[in-house]
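Engineer: only geometry, no sequence info:
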């Protein structure tokens, strides 16, 4: 249904899936996430195109809406949230498919999510992070200008004295860009998250107690430092002196 974007039989499919997987949360974490992962992989291979991805995301949203009442029923008022996460698509970017799925997945895993929506300016993100005393800020973006906007957001967070971990996600983001361009500008952790399922894993590491957090942070710092070092070395190796370049000029006239 997700791959084809067909929602006609979703109520029947959802009932069957809940009976098979035992809980609504397990349906989201299992077949629905697997389906969206397959959609993302096919999109990356240019076997699916944006309109088809949008149809798949719409079907995912409808499936989650059917599961939401069951999820609410299973929640206990006495259960303390695993953490508070602010989620936003940055200014200039209207894409929200990945952000919306991440919001649902994190909510299903016990996190309190403050979703600011799309086209969110830096000052609003900073103000909301302070107002709600969030544990993590998650930034999403699909288009290339969003990379620069994410840099602006972490600068503004730092200027305001906020140092909670920041998660970076979206089609144009990467571990390399995060390590080179974003992380050095911020006092807290800046973690690239490759897909929505990893959001929960990363959040658990960051909020799972001091010892667990420190081990994760040490590994993160080491990996980002290695990326920066490798990039500098490659850049240096690729450069020639002016004399070498002139000696290596092409002979266009035989």
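Structural biologist: Okay, I see it. Nothing here was measured: the structure is a model prediction, and the numbers come from that model.
Engineer: which stretches of the stretch 101-250 of the chain form helices?
Structural biologist: In the stretch 101-250 of the chain, the helices defined using DSSP state H, counting those that start in this stretch lie at 122-132, 145-159, 175-177, 196-207, 210-238, 242-247.
Engineer: Out of those helices, which is closest to residue 57?
Structural biologist: Among the helices of the stretch 101-250 of the chain, helix 196-207 comes nearest to residue 57, with 11.2 Å by CB to CB. In this view, the C-beta of every residue, glycine as well, is placed from N, C-alpha and C.
Engineer: other SSEs contacting the closest one?
Structural biologist: With contacts taken as 3 or more CB pairs under 8 Å, 6 or more residues apart in numbering; DSSP states H and E, helix 196-207 sits against helix 33-44, strand 83-89, helix 97-108, strand 136-140, strand 166-169, helix 210-238.
Engineer: what's the average pLDDT for the shortest one?
Structural biologist: Put plainly, it is strand 166-169. Taken as a whole, strand 166-169 has a mean pLDDT of 97.
Engineer: Now do the contacts for the residue nearest to residue 85 when sequence neighbours are not counted.
Structural biologist: Spatial nearest neighbour of residue 85, chain neighbours left out: residue 136 (4.6 Å); criterion: CB to CB, 6 or more residues apart in numbering. Shown in contact with residue 136 (CB atoms under 8 Å, 6 or more residues apart in numbering): 83-86, 164-167, 203, 206-207.
Engineer: can you do 6 Å?
Structural biologist: If a contact means CB atoms under 6 Å, 6 or more residues apart in numbering, then residue 136 has 85, 165, 203 as its contacts.
Engineer: Return the per-residue confidence for it.
Structural biologist: So, for residue 136, pLDDT stands at 98.
Engineer: Relative to residue 202, how far out is it?
Structural biologist: 8 Å (CB to CB, to the nearest Å).
Engineer: any chance of the helices of the stretch 101-250 of the chain in a markdown table, plus mean neighbour count and mean pLDDT?
Structural biologist: Shown next, in a markdown table, are the helices of the stretch 101-250 of the chain (neighbours: other CB atoms under 10 Å; pLDDT from 0 to 100):
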| stretch | mean neighbour count | mean pLDDT |
| --- | --- | --- |
| helix 122-132 | 17 | 98 |
| helix 145-159 | 19 | 97 |
| helix 175-177 | 16 | 95 |
| helix 196-207 | 19 | 88 |
| helix 210-238 | 12 | 90 |
| helix 242-247 | 9 | 86 |
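Engineer: Point out the one among these that comes closest to residue 30.
Structural biologist: Per CB to CB, nearest to residue 30 of those: helix 196-207, 10.7 Å.
Engineer: Quick one: residues in contact with that closest one.
Structural biologist: 33, 83, 98, 101-102, 105-106, 109, 135-136, 165, 191, 193, 213, 216.
Engineer: hang on, the earlier thing: in JSON lines: the helices and strands packed on helix 196-207, plus distance to residue 158.
Structural biologist: Shown next, in JSON lines, are these (distance: least, CB to CB, whole Å):
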{"stretch": "helix 33-44", "distance to residue 158": "32"}
{"stretch": "strand 83-89", "distance to residue 158": "16"}
{"stretch": "helix 97-108", "distance to residue 158": "23"}
{"stretch": "strand 136-140", "distance to residue 158": "12"}
{"stretch": "strand 166-169", "distance to residue 158": "10"}
{"stretch": "helix 210-238", "distance to residue 158": "17"}
